[in-house]
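Engineer: Got a predicted structure here, sequence first:
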Amino acid sequence: MEEGGKRYVDTLNKERKNIMEHQIPESKFEDKRSNIIEDLVAQNVFKIDGRQLYELSLYELMKTYTEKN
C-alpha cells in the first residue's frame, strides 16, 4: 500500500475509535422532548389518550404541554 493510502486508513481508524469512545449527544429535538416529558410528569401527567408519554411524538407532547400551561 502506498504511503498516502496507509495514512488515509490510519486516519479512518482513529476517527472510528473516537466515535466509539465518545457517545454522540442527543439531538435538540430529543432533548426538548425529554424536557417536556419531565415537566408533564412534574404536573402529574403520565398518560395522554391512554398512551405513555414516551410513546408520543414531540408534536403531541408539545400540544398537551401548551394546553396545560
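Structural biologist: That came in fine, so what should we check first? Numbering: from 1, shown residues only.

Engineer: drop to CA atoms for contacts and neighbour counts, all remaining ones
Structural biologist: OK.

Engineer: Can you pull the poorly scored residue ranges out of this structure?
Structural biologist: 1-6, 8-9, 11-26 (pLDDT under 70).

Engineer: What number of residues are in the vicinity of Gln43?
Structural biologist: Neighbours of Gln43 under the rule other C-alpha atoms under 10 Å: 12.

Engineer: ok, it to Glu55 distance?
Structural biologist: Remark: distance between Gln43 and Glu55 (C-alpha to C-alpha, to the nearest Å) = 18 Å.

Engineer: Do you have the helices of this structure handy? List them.
Structural biologist: Taking DSSP state H as the criterion, the chain contains helices spanning 3-21, 28-42, 58-68.

Engineer: Can you name every helix or strand that the shortest one contacts?
Structural biologist: Contact analysis of helix 58-68 by 3 or more C-alpha pairs under 8 Å, 6 or more residues apart in numbering; DSSP states H and E lists helix 28-42 as its packing neighbours.

Engineer: Counting by contacts, list what the helix it packs on packs against.
Structural biologist: helix 58-68.

Engineer: For the helix it packs on, C-alpha coordinates in PDB please.
Structural biologist: Taking C-alpha atoms only, helix 58-68 is exported to PDB below (Å, rounded to 0.1, in the frame of the first residue of the first chain):
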ATOM      1  CA  LEU A  58     -42.800  15.700  20.000                       C
ATOM      2  CA  TYR A  59     -45.800  17.400  18.400                       C
ATOM      3  CA  GLU A  60     -48.300  15.500  20.600                       C
ATOM      4  CA  LEU A  61     -46.300  16.300  23.700                       C
ATOM      5  CA  MET A  62     -46.000  20.000  22.800                       C
ATOM      6  CA  LYS A  63     -49.700  20.200  22.100                       C
ATOM      7  CA  THR A  64     -50.600  18.900  25.500                       C
ATOM      8  CA  TYR A  65     -47.800  20.900  27.200                       C
ATOM      9  CA  THR A  66     -49.000  24.200  25.800                       C
ATOM     10  CA  GLU A  67     -52.600  23.300  26.700                       C
ATOM     11  CA  LYS A  68     -51.600  22.600  30.300                       C
END
